[in-house]
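# show me the folded form of this:
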Amino acid sequence: MKMSDRIYLSPPHMSGDELAKIAEAFASNWIAPLGPMVEQFERQISELVGIEGTVALCSGTAAIHLALELAGVREGDIVFCSSLTFVASVNPIRYLGAEPVFIDSEPETWNMSPRALERALYEASMVGQLPKAVIVVHLYGQCADMDAIMKICQQYGICVIEDAAEALGATYKGRMAGTIGDYGIYSFNGNKLITTSAGGALVSNHTDKLDYARYLAAQAKLPAYHYEHNQVGYNYRLSNILAAIGCSQLNVIDERIALRKAVFERYQQALGDRPGISFMPDPLWGSSTRWLTTFTLDPHLIEATPLDVVQELEVMNIESRRVWKPMHVQPLYEGCRYYRHEENESVSDMLFERGICLPSGSSLAVDDQNRVIEGVQSALRPIYSLS
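Numbering: from 1, shown residues only. As a prediction, the model looks like this:
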């Protein structure tokens, strides 16, 4: 590959069978939302993750919105949410006129800190302002410590929504990400592990609630011989054409996970022994998809900053990113409450200041991985002396 060819962070990776499935959908004349491919896609997702029901939707954001509706979130309510995440995890809270409260990460997983969550829920109970729901984000394909989080939330009777947009196929103690809480959501955006171009899914064992989600997602149209509506609905159902792509993509998900793990292992082998570099932890309780390979730089050992690395790679026409900027420091959510892992330790802030995401696509050639490694090594010189 020429040096000028762009290396992307996480590009789509087609299986080769998508066009046949799309042709099948065209032949059936089911072009608009709903149709047999949507039903097949929903069945495949349910079977893959081992859950009772799935609703295929136009985006993961739509799935979070509907999960909050099912949790009974209304204007003036409070919802707790991971701070270290993409803004789409949080915006649906504001769609409903509710207020987010942000929870820090823990260093062991980079995901929601059970310690911070417990403190936040205790304080909320003391003033009679418990949240209607907690949104737990499984970051970069790695599961949060769900047993600890579920225990705390069940103590207060709080609904748990798993934002597994980046973690379809990840496991926690034998259970699939997205199936442990009350509701789980997945994303099939173009940069995810598998893609439908644009799309998402809401999953749950509460199948009666999912029936209501389907109703809301189809403009809340009541059964009648005319268009009858008594509440606000949404245009959230997935296209039958996009579902056809998803059916093909699900058939290769295990291969896609294996390829991303191989990319991570190559990066770790090349860079992991270097003082000052720490890759995202991999707790023993489950398996990450390694959607993105991420690591941090210790400023006491390495002079270069994450921005230096990102800019060096950009010069080489390689896309990379800093770790998510936490929601509690975003201008959009200025003034929202935030609970740290420790009173004087914000893990989310530290990870943003030190973290980098490398190109991790399942189609990334070995030569391109080597090019990324060379770029990182070039950017990291020199290292501070340990003496």
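# and residue 111, what does it touch?
Shown in contact with residue 111 (Cβ atoms under 8 Å, 6 or more residues apart in numbering): 82, 84, 105, 136, 137, 138, 139, 142, 143, 144, 145. All C-beta spots, glycine's among them, are computed from the backbone N, C-alpha and C.
# for it, give its distance to residue 273.
The span separating residue 111 from residue 273 equals 26 Å under the rule Cβ to Cβ, to the nearest Å.
# then residue 298?
Relative to residue 273, residue 298 is positioned 14 Å away (criterion: Cβ to Cβ).
# between these two, point out the one with more neighbours.
Taking neighbours as other Cβ atoms under 10 Å, residue 298 and residue 273 compare with residue 298 leading, 13 against 8.
# does that one touch residue 354 like I think?
Yes - when contacts are counted by Cβ atoms under 8 Å, residue 298 is listed as touching residue 354 (7.3 Å).
# distance from the chain centre to the longest helix belonging to the chain, please.
Secondary structure of the chain per DSSP state H: the longest helix is helix 253-271. Its chain's average C-alpha position is 18 Å from that of helix 253-271, according to Cα atoms, centre = their mean, to the nearest Å.
# tell me, how many residues neighbour residue 366?
A count of nearby residues for residue 366, using other Cβ under 10 Å, gives 10.
# my guess is it meets residue 266, correct?
Yes - the pair residue 366 / residue 266 is scored as a contact, 7.3 Å apart, by Cβ under 8 Å.
# gap between residue 145 and residue 94?
Distance, residue 145 to residue 94, using Cβ to Cβ: 27 Å.
# do residue 186 as well
Counting by Cβ to Cβ - residue 186 and residue 94 are separated by 22 Å.
# of these two, who's got more company?
Neighbours were counted for residue 186 and for residue 94 using other Cβ under 10 Å; residue 186 has more, 30 against 13.
# show me what contacts the more buried one?
Residue 186 sits next to 45, 60, 63, 164, 165, 168, 178, 200, 201, 203 when contact means Cβ under 8 Å, 6+ apart.
# for residue 14, same thing?
Residue 14 makes contact with 248, 249 under the criterion Cβ under 8 Å, 6+ apart.
# next one: phi and psi at it?
Per-residue torsions, residue 14: phi -80, psi 150 (degrees, to the nearest 10).
# got the residue ranges for the helices in the stretch 201-350 of the chain?
Here the stretch 201-350 of the chain has its helices, by DSSP state H, counting those that start in this stretch, at 207-217, 240-250, 253-271, 306-315, 347-354.
# of those helices, which is nearest residue 19?
The stretch from the helices of the stretch 201-350 of the chain with the least distance to residue 19 (Cβ to Cβ) is helix 240-250; that distance is 8.8 Å.
# the closest one vs helix 253-271, what angle?
Here helix 240-250 runs at 60 degrees with respect to helix 253-271, directions being taken by axes from the mean of the first three to the mean of the last three Cα atoms, to 10 degrees.
# just the CA coordinates for helix 240-250, please, in PDB.
Extracted in PDB, the C-alpha atoms of helix 240-250 (Å, rounded to 0.1, in the frame of the first residue of the first chain):
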ATOM      1  CA  ASN A 240     -35.800  -4.000   5.300                       C
ATOM      2  CA  ILE A 241     -32.900  -3.300   2.900                       C
ATOM      3  CA  LEU A 242     -30.500  -2.400   5.700                       C
ATOM      4  CA  ALA A 243     -31.700  -5.400   7.700                       C
ATOM      5  CA  ALA A 244     -30.700  -7.600   4.700                       C
ATOM      6  CA  ILE A 245     -27.100  -6.200   5.100                       C
ATOM      7  CA  GLY A 246     -27.300  -7.000   8.800                       C
ATOM      8  CA  CYS A 247     -28.300 -10.600   8.200                       C
ATOM      9  CA  SER A 248     -25.100 -11.200   6.200                       C
ATOM     10  CA  GLN A 249     -23.000  -9.300   8.600                       C
ATOM     11  CA  LEU A 250     -24.100 -11.400  11.600                       C
END
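# same for that helix, what does it pack against?
On a contact count with 3 or more Cβ pairs under 8 Å, 6 or more residues apart in numbering; DSSP states H and E, helix 240-250 meets helix 18-28, helix 36-49.
# counting neighbours, what do you get for residue 230?
The number of residues packed near residue 230 is 7, by other Cβ under 10 Å.
# run through the bridge partners of the closest residue to it other than its chain neighbours.
Sequence neighbours aside, residue 222 is the residue nearest to residue 230 in space, at 6.6 Å (criterion: Cβ to Cβ, 6 or more residues apart in numbering). Per DSSP bridges, residues listed as beta-bridge partners of residue 222: residue 228.
# where does the stretch 1-150 of the chain have low pLDDT?
Per-residue confidence of the stretch 1-150 of the chain (counting by pLDDT under 70) places the weak regions at 1-4.
# hey, where'd the helices end up in it?
Counting by DSSP H, counting those that start in this stretch, the stretch 1-150 of the chain forms helices over residues 18-28, 36-49, 60-70, 91-95, 114-126, 146-156, given from the N-terminal end onward.
# quick one: the fifth one to chain centroid distance?
So that's helix 114-126. Relative to its parent chain, helix 114-126 has a centroid offset of 24 Å by Cα atoms, centre = their mean.
# what are the buried residues along that helix?
Using 16 or more other Cβ atoms under 10 Å as the test for burial, helix 114-126 gives 114, 115, 116, 117, 118, 119, 120, 121, 124.
# closest one to residue 255 out of these, please.
The shortest separation between residue 255 and any of the buried residues of helix 114-126 is 33.5 Å, and it belongs to residue 114 (by Cβ to Cβ).
# what's the local residue count around the closest residue to the closest one other than its chain neighbours?
Among residues not flanking residue 114 along the chain, residue 148 sits closest, at 3.9 Å (Cβ to Cβ, 6+ apart). Under the neighbour criterion other Cβ under 10 Å, residue 148 is assigned a count of 16.
# could you do residue 92 as well?
The tally of other residues near residue 92 (other Cβ under 10 Å) stands at 26.
# then residue 256?
Under the neighbour criterion other Cβ under 10 Å, residue 256 is assigned a count of 24.
# how about residue 212?
For residue 212, the count of nearby residues is 15 (other Cβ under 10 Å).
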